[in-house]
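*Asks:* Kindly generate the corresponding structure for this input.
(4 chains)
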4 protein chains.
Amino acid sequence: MLPMREISKAPEDHTHLTIDARHSPIATISPGERVAVETTDYLGDILSESTRLGDVWGTDRLDDNINPVTGPIRVDSVSPGDALAVEIEEIELPDRGVINIFPGFGGLEPSIGDLAPPSDPETVFCDIEDGTVTYPREDEQDVSIPAHPQVGTIGTAEKHEGRYSVKPHENGGNMDCREVTEGNTLYLPVDVDGGYLFLGDCHAAQGDGEICGISVEVPATVTLRVDTVSDADLSWPRIESDDEIMSVAAARPAEDAVKFAYLDLIEWLVDDYGFDETEAYHLCSAAGRVRLAQVVNPKFTVAAGFPKEFL
Amino acid sequence: MLPMREISKAPEDHTHLTIDARHSPIATISPGERVAVETTDYLGDILSESTRLGDVWGTDRLDDNINPVTGPIRVDSVSPGDALAVEIEEIELPDRGVINIFPGFGGLEPSIGDLAPPSDPETVFCDIEDGTVTYPREDEQDVSIPAHPQVGTIGTAEKHEGRYSVKPHENGGNMDCREVTEGNTLYLPVDVDGGYLFLGDCHAAQGDGEICGISVEVPATVTLRVDTVSDADLSWPRIESDDEIMSVAAARPAEDAVKFAYLDLIEWLVDDYGFDETEAYHLCSAAGRVRLAQVVNPKFTVAAGFPKEFL
Amino acid sequence: MLPMREISKAPEDHTHLTIDARHSPIATISPGERVAVETTDYLGDILSESTRLGDVWGTDRLDDNINPVTGPIRVDSVSPGDALAVEIEEIELPDRGVINIFPGFGGLEPSIGDLAPPSDPETVFCDIEDGTVTYPREDEQDVSIPAHPQVGTIGTAEKHEGRYSVKPHENGGNMDCREVTEGNTLYLPVDVDGGYLFLGDCHAAQGDGEICGISVEVPATVTLRVDTVSDADLSWPRIESDDEIMSVAAARPAEDAVKFAYLDLIEWLVDDYGFDETEAYHLCSAAGRVRLAQVVNPKFTVAAGFPKEFL
Amino acid sequence: MLPMREISKAPEDHTHLTIDARHSPIATISPGERVAVETTDYLGDILSESTRLGDVWGTDRLDDNINPVTGPIRVDSVSPGDALAVEIEEIELPDRGVINIFPGFGGLEPSIGDLAPPSDPETVFCDIEDGTVTYPREDEQDVSIPAHPQVGTIGTAEKHEGRYSVKPHENGGNMDCREVTEGNTLYLPVDVDGGYLFLGDCHAAQGDGEICGISVEVPATVTLRVDTVSDADLSWPRIESDDEIMSVAAARPAEDAVKFAYLDLIEWLVDDYGFDETEAYHLCSAAGRVRLAQVVNPKFTVAAGFPKEFL
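*Replies:* Predicted coordinates:
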């Protein structure tokens, strides 16, 4: 196994609220190199038994800690038009995660809600042990869910724009897609020299759609092997698992995300697997698989996949 | 096993283009009775080797055969506010299905397309044998997909409105949801005395989203056991499989369908499984599963489910 | 001036909750004939000083009176593919109208609202006198708005489907468009022999978007002159005023309504005014006018217009 | 009249593709000061009789000139939470503007269009003289439209994010709203010390919705008087004309923009005009006015207004 570089989240300038090429690289790596990246949870690790969401609601302390991402990681010799091939080797979970309801956020909050009272900012801590997430209930049996470690936010910098890390977009970002998980490889478009990779916002478990807006949120150490693909010219992030090829798109409304993802998947089937456009379109309609990642972030994310066994 | 009533699709008045309580019942059954219902494919079985979609494009023959449904089946002693519990025992597939592209229809057609030329009305026939659907390719290896029999359109009549069978809605209709399959039980709201059940539009295989607008379409004989639930007061169709409980909603844009489905699922978890609202909302966000049924019909359909093993 | 037929709303079978060709005509008129049609307000005239919305909330009395329309009026010798040309001669307002907030309805209600408490069903009566609508305020100065009489719901029957009158669609229906007003001519597609015209839901004043879901609602007597256009083959309703030609489309999301309306307007400019498609597209982008009718009904309505002075 | 500072667009660093607080101010002004700001047209003035859109299509020259904005202009003593009050005194039009169709852009292009051929990149120049814009036609009568000068893109910097100037958002940006015109005052939220104002993308004429994506586009010199409002705490841009108060919101889908705009307008009516929330909601539903600005940019823009004469 390759040697590994460790990247700490600790120094203040190692995490940012934007995915932006103007931040200074916190590490420069060579193609093929392995890195273990420390990430904060989606609120910069500020919640604890003594600090609940309600305690920091409406304060600068909360506003300055919305979805920090660790980075940028600069990758040597990668240029605009190339892609990063990010193999997710391991996501090391802590022994506790947190889930909330955020007033004014989440799928079942009124999206335009000043005329309706907000939900309370509930804060619930879940134990994580032996691959199981336990959601505690008072005077009732707890609920056990299999842990499914996942990197919620991961992306590369755009040429001009410095984007909030809460947004998903053509270069990744806050995709909240459960397929960004151990064993899978994520391909990300490169728009600037060095790529400028950022990541954070890991989840121990997430439902499709992430309907309340929050998953079982954790700080985590993520081990990646970052390689490059020349002239990949990707329109959207792509994921490859043992079983499936997947295109990930973000748009609003959600059906546009589905369409963009399938359009990219059809292009992939045509370019790399020898189908013509009509065949690929038919086969996606007959056998495509959609993972609805989330419908709560500024744009909604969808992965459209095709089983490798049919290819 | 219960005796079974056979319902033919043959007489002209046994199929309709609308789900409407003013059509005369073609059969009246008792709660608990089994029926084997013949259905046409989504174009009234008019396509064949000698009749391709292009041959009937723009003609009355096509217009008069868009998604005919067999029915209505009247169920004795069921009243508004009750539900039908429709157990799908078997969907008997033929040895051939058809898939098309429809000019002006499908997710990747311009939805507003007069300024763009339509796609060609492709017509491809797929063999179905031993549980496998074979998509043929010229001079290339055919593609084999496991058959997954499914009832595309099934629903009950509304009180006042006579609805096109191509539309999905609160009483079912054109849901195109792969969970309406053998072994599962579909619960449908009842709005009129007798329920008035219609079904048709079976699929041998369908991808999530049904992105080109068409699945591998088949005529089929569907064996159902129809029971009733008193005072169920359902807002949306619900499905129960061995592993999951699911709520099915239809809306546009797609995120609204996701929200309506989760809202109903949360209500289900609260009413029948003892969770409070916040717990149910959290758990759906941490472990809910979404099946994107289709994003091509007038409203889009989504099933939100929760694994029974966590309950 | 032509003689005029009077059509009462009084007999029970003169109003319906659906626009449906299977209702029996309450009058049959000749092309060019004038009719004075009595309409109920949007709740079948059930509200009064002694009956407020809160008093009937959740009752059958309310459910059975949602947006009744007077009709159908059959027009001799009109056939599918023709259009009705409905000149709105006069909308005779009463001396009082009503405006409400409906729990769970309206643009600023949570559209998916079970988790949020509904607004109260407010009921406010406004005096209408000398062309002015007065909105009363307690201990504050009343607000005076110029009356702008308008037919909220007007449409023709569809071939197969019996549609709820609360819905707007290709044949008109609940458009809530302030251009359906005195002096303007509304063109409606004809899908069945006789056209089958229905109308109701008049407004004394309405804001763009009808944001709370309700206008200043009135019963009214509407004087129409109904003529026919052969082989008009309309895709959407069209309106002609002294100053403007307008296409009215209904869709969801709202931008699709804008696009469908402009697409029809461009077709109109090309067919009747000699522009080529690119010119018409450019000119609509440089000088088109959009009236946002409503964003609260099941589909949203938009009128896209072009000033006649530029033609 | 106050003295005036002139701000040239000429030096390369006086225009930018992003609205970003990290660009160096090109001028610092005092509250109340007047400035005459030169702006380029929406393509950095690169089109001419010898350079049509087709000539630069797909080149870096085009990509590097998409909607440049002049700025930032720093305003002394303005702090986060304040607002800029930007009075548009004059928009000096040139004698020629340009309108295009952009392949893959515009309301009637397929939004997801790789499967459909793009429109041609048409380039049409319009003369502007004596307040009239003339759209030329070959062998047919030209079309004359009254000029309506307007600033298409104007906004202040966000705290963290560096936003593309083609996007509209909470701080203004590419609103394409015809009410940003001579004589009106635009109020913009301030998120950073100094406000950091940028502007460009002027139009000589624009239709509602800007349906082909392009207006009659011009370089222009815009004379502004920039004042400040302390602790305004605006959620969205607001506009005040002689006749109307207006809130401008940007969202996707378009109905959300309508809702956000009305929500802000209701807040304005409640805070500054003494209405209670229900009254304001009722009155907007009975007499509000909506200007659909555009449905082609990444978010759609809408202005919701209320006539001052009713206040």
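*Asks:* What is the neighbour count of the residue in the stretch 51-200 of chain A that chain D sits nearest to?
*Replies:* As assessed by Cβ to the nearest Cβ, chain D sits closest to A:Gly162 within the stretch 51-200 of chain A, at 3.8 Å. From N, CA and C alone the C-beta is placed, and that goes for glycine too. Burial of A:Gly162 is recorded as 22 neighbouring residues (other Cβ atoms under 10 Å in any protein chain shown).
*Asks:* Can you report how many residues lie near A:Thr185?
*Replies:* Applying other Cβ under 10 Å, we find 16 residues neighbouring A:Thr185.
*Asks:* Check the contact between A:Val124 and A:Asn100; I expect there is one.
*Replies:* Yes: using Cβ atoms under 8 Å, A:Val124 is in contact with A:Asn100, at 7.4 Å.
*Asks:* Just want to know which of those two has more residues nearby.
*Replies:* A:Asn100 (26 against 19).
*Asks:* Just give the nearest non-adjacent residue to A:Gly162, would you?
*Replies:* Ranked by Cβ to Cβ, 6 or more residues apart in numbering or on different chains and with sequence neighbours excluded, the top spatial neighbour of A:Gly162 is A:Asp20, at 3.2 Å.
*Asks:* so the one you found touches A:Lys159, yeah?
*Replies:* No: at 10.9 Å, A:Asp20 does not count as touching A:Lys159 under the criterion of Cβ under 8 Å.
*Asks:* and the two? which has more neighbours close in?
*Replies:* Between A:Asp20 and A:Lys159, counted using other Cβ under 10 Å, the more crowded position is A:Asp20 (24 against 13).
*Asks:* Check what pLDDT that one gets.
*Replies:* Per-residue pLDDT puts A:Asp20 at 97.
*Asks:* and it, how far is that from D:Leu263?
*Replies:* 31 Å (Cβ to Cβ, to the nearest Å).
*Asks:* And for A:Thr228?
*Replies:* 47 Å.
*Asks:* all strands in the stretch 1-150 of chain A, in order from the N-terminus.
*Replies:* A:4-7, A:15-16, A:18-19, A:27-29, A:33-39, A:69-75, A:83-92, A:96-100, A:123-129, A:132-135, A:143-146, A:150-156 (DSSP state E, counting those that start in this stretch).
*Asks:* quick one: low-confidence ranges for chain A?
*Replies:* A:1-3, A:110-120 (pLDDT under 70).
*Asks:* Domains in it, by residue range?
*Replies:* With automatic domain parsing as the criterion, the domains of chain A are listed as A:4-234, A:236-311.
*Asks:* among these, which is nearest B:Ser235?
*Replies:* Closest approach to B:Ser235 among the domains of chain A is made by domain A:4-234 (14.2 Å; Cβ to Cβ).
*Asks:* can you give me the end-to-end distance of that closest one?
*Replies:* 28 Å (Cα to Cα, to the nearest Å).
*Asks:* Could you do stretch A:101-108 as well?
*Replies:* End-to-end for stretch A:101-108, by Cα to Cα: 10 Å.
*Asks:* ok, is it in contact with chain B or not?
*Replies:* Yes: Stretch A:101-108 lies within reach of chain B by Cβ under 8 Å from any Cβ of the partner chain, at A:Ile101, A:Gly106, A:Gly107, A:Leu108.
*Asks:* Can you flag which of the residues you listed belong to helices?
*Replies:* Under the assignment DSSP state H, those contribute nothing to helices.
*Asks:* can you narrow those residues to ones near chain D?
*Replies:* Answer for these near chain D: none qualify (Cβ under 8 Å from any Cβ).
*Asks:* Out of these, who's the most crowded?
*Replies:* Neighbour counts for those (other Cβ under 10 Å) peak at A:Leu108, which has 27 neighbours.
*Asks:* I figured that one hits A:Gly209, correct?
*Replies:* No: look at A:Leu108 against A:Gly209 with Cβ under 8 Å: they stay out of range, at 10.5 Å.
*Asks:* shared neighbours, the two?
*Replies:* B:Tyr262 (Cβ atoms under 8 Å, 6 or more residues apart in numbering or on different chains).
*Asks:* Just the CA coordinates for stretch A:180-189, please, in CSV.
*Replies:* The C-alpha trace of stretch A:180-189 is given here as CSV (Å, rounded to 0.1, in the frame of the first residue of the first chain):
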residue,chain,number,x,y,z
VAL,A,180,-19.6,8.8,-2.2
THR,A,181,-18.7,6.0,0.1
GLU,A,182,-15.9,3.5,0.8
GLY,A,183,-14.8,1.4,-2.1
ASN,A,184,-16.2,3.8,-4.8
THR,A,185,-14.3,6.1,-7.1
LEU,A,186,-15.6,9.7,-7.6
TYR,A,187,-14.6,11.5,-10.8
LEU,A,188,-14.6,15.3,-10.5
PRO,A,189,-14.2,17.9,-13.3
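*Asks:* May I see the domains of chain A arranged in JSON lines, with distance to D:Gly58 as well?
*Replies:* Listed next are those as JSON lines, based on distance: least, Cβ to Cβ, whole Å:
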{"stretch": "domain A:4-234", "distance to D:Gly58": "13"}
{"stretch": "domain A:236-311", "distance to D:Gly58": "18"}
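*Asks:* of these, which approaches D:Thr15 most closely?
*Replies:* Using Cβ to Cβ, the nearest of the domains of chain A to D:Thr15 is domain A:4-234, at 12.6 Å.
*Asks:* Tell me if I'm right that A:Leu292 and A:Ala254 touch.
*Replies:* Yes: the criterion here is Cβ under 8 Å, and A:Leu292 meets it with A:Ala254 at 7.4 Å.
*Asks:* Which of these two has more residues huddled nearby?
*Replies:* A:Leu292 (30 against 27).
*Asks:* what about that one, helix or strand, and which?
*Replies:* Per DSSP states H and E: A:Leu292 is located in strand A:289-294.
*Asks:* and the helix or strand immediately after that strand in the chain, which residues are buried?
*Replies:* Scanning forward in sequence from strand A:289-294 by DSSP H and E, the next helix or strand is strand A:300-307. Within strand A:300-307, the residues that count as buried by 16 or more other Cβ atoms under 10 Å in any protein chain shown are A:Phe300, A:Thr301, A:Val302, A:Ala303, A:Ala304, A:Gly305, A:Phe306.
*Asks:* Out of those, which is nearest to C:Val222?
*Replies:* Closest to C:Val222, out of all of the buried residues of strand A:300-307 and judged by Cβ to Cβ, is A:Phe300, at 44.0 Å.
*Asks:* How much space separates that closest one from chain C?
*Replies:* Distance, A:Phe300 to chain C, by Cβ to the nearest Cβ, to the nearest Å: 13 Å.
*Asks:* got a list of what that residue touches?
*Replies:* A:Ala250, A:Ala251, A:Arg252, A:Pro253, A:Ala254, A:Ala257, A:Ala293, A:Gln294, B:Glu255.
*Asks:* neighbours around the fourth one, how many?
*Replies:* In other words, A:Pro253. So A:Pro253, with other Cβ under 10 Å, has 23 neighbours.
*Asks:* what's near enough to touch the closest residue to it other than its chain neighbours?
*Replies:* Once flanking residues are discounted, A:Pro253 sits nearest to B:Pro253: 3.3 Å by Cβ to Cβ, 6+ apart. By Cβ under 8 Å, 6+ apart, the contact list for B:Pro253 reads A:Pro253, A:Ala254, A:Glu255, B:Phe300, C:Arg252, C:Pro253, D:Pro253.
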